[in-house]
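Chemist: pasted the sequence and its predicted model underneath.
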Amino acid sequence: MIYVIGIGPGSKELMTIQSIKAMEDAEVIVGYKTYINLVTEFIKDKEVVQNGMRQEIDRCKEAVEIAKTGKKVAVISSGDAGIYGMAGLILELTSKEEQNIEVKVIPGVTASIGAAAILGAPIMHDFCHISLSDLLTPWDVIEKRLRLAADADFVICLYNPRSKGRSEHLAKAFEIMGQFKDKSTPVGIVKDVGREKEEKFVCTFDTMDFERVDMTTMVIIGNKSTFIHDDLMITPRGYTV
Ligand code: SAH
């Protein structure tokens, strides 16, 4: 069987008891090095299969092969495994196998939820997740989603906002959303949620500093009602207060 485990954004406190139990129950642990390093205390001397970031397919295929031998495998994903993580790929692969392989997906605290708690209550109302990575999604699809989500006044959480090869994507995304988002719309930036280097910044749409953003950053753009108070970002649910 395969556990697909979301280990949360980085700290032990943000892991669920269910995810820890699943790691302890597994015989083989499969994952990207950085994530394996975050959970060493739970996996102790278990067999570990680790490789680099861009080798997701090989890693998941290997997990399936190991599961076929009858071993319990844990595939580790950061945040939630079902949000730009490994859950989908594992289930796509096992659905193609003749042998029935049991898969259990263990939920985790995804980066947007971790960041939202640090910022206050920015996603109290309808919100969406958009990844700015065009490695697996064509950029024109990403642009369309940004445009329509901004037009519909969703609170927007940006995943994969910036990387070495794609530093201009975030500025382009702001240009597109700027057709609908007011200049004074609050924007929350949280770097390294749940890790030692955790940092938070709150600004407005027109004072956004793209340089603050890197690959382990969550960017949350408010809706028309979101406001800033004492460095917190608050999106009213609609109660009369
Ligand atoms: N499955 C993960 C998301 C993987 S996509 C989850 O549910 O959180 C990778 C992106 O997630 C990063 O580019 C960044 O935008 C965000 N992210 C992951 N961990 C983060 C953290 N600790 N702090 C801030 N953002 C994070």
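Modeler: On my side now, so go ahead.
Chemist: report the beta-bridge partners for the closest residue to Phe201 other than its chain neighbours.
Modeler: Nearest residue to Phe201 in three dimensions, chain neighbours excluded: Ile189, at 4.5 Å (Cβ to Cβ, 6 or more residues apart in numbering). Quick note: C-beta positions are derived from backbone N, CA and C, even for glycine. On the basis of DSSP bridges, Ile189 is bridged to Phe201, Val219.
Chemist: give me the number of residues near Ile189?
Modeler: Burial measure for Ile189: 22 neighbouring residues, criterion other Cβ atoms under 10 Å.
Chemist: what of Leu148?
Modeler: 12.
Chemist: where does it sit: helix, strand or coil?
Modeler: Secondary structure for Leu148, judged by DSSP: H, G, I helix; E, B strand; the rest coil, is helix.
Chemist: ok, now how distant is it from the ligand?
Modeler: With distances taken as Cβ to the nearest ligand atom, to the nearest Å, Leu148 is found 21 Å from the ligand.
Chemist: now swap in Glu143 and tell me
Modeler: Glu143 sits at a distance of 18 Å from the ligand (criterion: Cβ to the nearest ligand atom).
Chemist: with Ile228 instead?
Modeler: 20 Å.
Chemist: is that residue in a helix, a strand, or coil?
Modeler: Of the three states, Ile228 takes strand under three-state DSSP.
Chemist: next, the contact list for the closest residue to it other than its chain neighbours, please.
Modeler: Leaving aside its chain neighbours, Ile228 sits nearest to Pro186 (4.9 Å; criterion: Cβ to Cβ, 6+ apart). Shown in contact with Pro186 (Cβ atoms under 8 Å, 6 or more residues apart in numbering): Pro122, Val202, Cys203, Thr204, Phe205, Ile221, Gly222, Thr226, Phe227, Ile228, Met233.
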